[in-house]
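Q: Quick one: sequence plus predicted model below, questions after.
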Protein chains: 2
Amino acid sequence: MKDTTAKQALLEAGRRFIITKGYNHTGLQEVLQAAGVPKGSFYHYFTSKEDFGMHVLNRYVETHDALLGRLLADETLTPLMRLRRYFEVSCAHIVALQHSEGCMVGNLSQELADQNQAFRVRLAQILESWSDRLAECLTQAQQAGEIPADLDPRLTAEFCLNSWEGAILRAKVMKSAAPLDTFLHLIFDSLLRH
Amino acid sequence: MKDTTAKQALLEAGRRFIITKGYNHTGLQEVLQAAGVPKGSFYHYFTSKEDFGMHVLNRYVETHDALLGRLLADETLTPLMRLRRYFEVSCAHIVALQHSEGCMVGNLSQELADQNQAFRVRLAQILESWSDRLAECLTQAQQAGEIPADLDPRLTAEFCLNSWEGAILRAKVMKSAAPLDTFLHLIFDSLLRH
């Protein structure tokens, strides 16, 4: 197995275990076995389980950020339509997974915020960067007169992001898309409506 | 140690470990040690770790439900003021804990929804019962003309609850009350405002 292939196989196996079972409950042994990589190789790529977990998290975030960036840059839609489209695409993704997994950033925040300072700081940074992106889009929507003038785009972005993480969590526990639909309805048909 | 005292000590130690470290990561050995109870006694009170975890969860919910029930029944306040008061009291509680712990129901939903069907069903049931209470209060607020007539109280209650769980999660990862304040502001000064 080539070097890069083994590393990718480890990261992909890590993603599957961590998003389903959480970080603490994921054993390196099962990751190695699923990836078909010998133990000695693991420490060739990663210095520790924490370093590995951080790489898995960063890879997840890169994939998500590419999607978010692409959708929010789509100039065939108005800023508000872009924002709605982002949440609709995310919703379809969650439904396709039968409401399992949830958001890795939300999952790890829940699990590690009180346990691991390095993860806590990185997760807070990721969420802030997502919030920045949403705030930028909401500012454009406000400039275009699409949302009420009295809403603070920054606070509204924070609220949307946190509420979305809460909706994903509820969808996971209910095994239903209803919380995601309710989010879309209350945010776009009430809060952001003139 | 009396029978009921040992059981209470186990439940209290279980609460502390489970809310901080999660269910999977909590070892019975550390719970027994913290409670000062011998291992043999554990199985006198609980049939398994799952049974123990379920008792810890139910005890947490009973305490929370007593608070929720008391605040939402406070007839010295209008329905909307009662609802706001409930979130403000919860917020103060989280701030007092320096944004650690979070909500046990949110934590366990995140951790166990894809792993343990008995917990998933119980957690979904708890969240539904909380949503019912909020919906009842919002219905009264609507009848009193305190919130817009076009909001569906049931959907709005679901949205408030899920968004609140999301705000608690974000507060935990940011170690800041800002997400809780933003929730209060967007819900009460925008969404529910005429």
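A: Done, it's in.

Q: Low-confidence bits of chain A, can you list those?
A: Residues of chain A meeting the criterion pLDDT under 70: A:1-2.

Q: Unless I'm misreading it, A:V95 sits right up against A:P179, doesn't it?
A: No: at 11.5 Å, A:V95 does not count as touching A:P179 under the criterion of Cβ atoms under 8 Å. C-betas here are computed from N, CA, C, even on glycine.

Q: Between the two, which has more neighbouring residues?
A: More neighbours surround A:P179 than the other of A:V95 and A:P179, with 27 against 14 (other Cβ atoms under 10 Å in any protein chain shown).

Q: need the contact list for that one.
A: A:A167, A:I168, A:R170, A:A171, B:E158, B:N162 (Cβ atoms under 8 Å, 6 or more residues apart in numbering or on different chains).

Q: Check which helix or strand the fourth one maps to.
A: By that I understand A:A171. helix A:153-174 (DSSP states H and E).

Q: Does that helix pack against any helices or strands, and if so which?
A: With contacts taken as 3 or more Cβ pairs under 8 Å, 6 or more residues apart in numbering or on different chains; DSSP states H and E, helix A:153-174 sits against helix A:79-96, helix A:104-112, helix A:117-143, helix A:178-184, helix B:104-112, helix B:117-143, helix B:153-174, helix B:178-184.

Q: so what's the residue nearest to A:K49 when sequence neighbours are not counted up against?
A: Spatially, and ignoring its direct neighbours in sequence, A:K49 is nearest to A:L28 (6.0 Å; Cβ to Cβ, 6 or more residues apart in numbering or on different chains). Residues near A:L28 by Cβ under 8 Å, 6+ apart: A:K39, A:F42, A:K49, A:F52.

Q: For the third one, the count of nearby residues, please.
A: The number of residues packed near A:K49 is 16, by other Cβ under 10 Å.

Q: mind checking the backbone torsions on the residue nearest to A:E111 when sequence neighbours are not counted?
A: Once flanking residues are discounted, A:E111 sits nearest to A:G22: 5.1 Å by Cβ to Cβ, 6+ apart. Main-chain torsions, A:G22, degrees, to the nearest 10: phi 90, psi 170.

Q: go on, the one 3 residues further on?
A: A:H25 has phi and psi values of phi -80, psi -10 when expressed as degrees, to the nearest 10.

Q: ok, it touching B:H25?
A: Yes: if you go by Cβ under 8 Å, A:H25 and B:H25 touch, sitting 7.0 Å apart.
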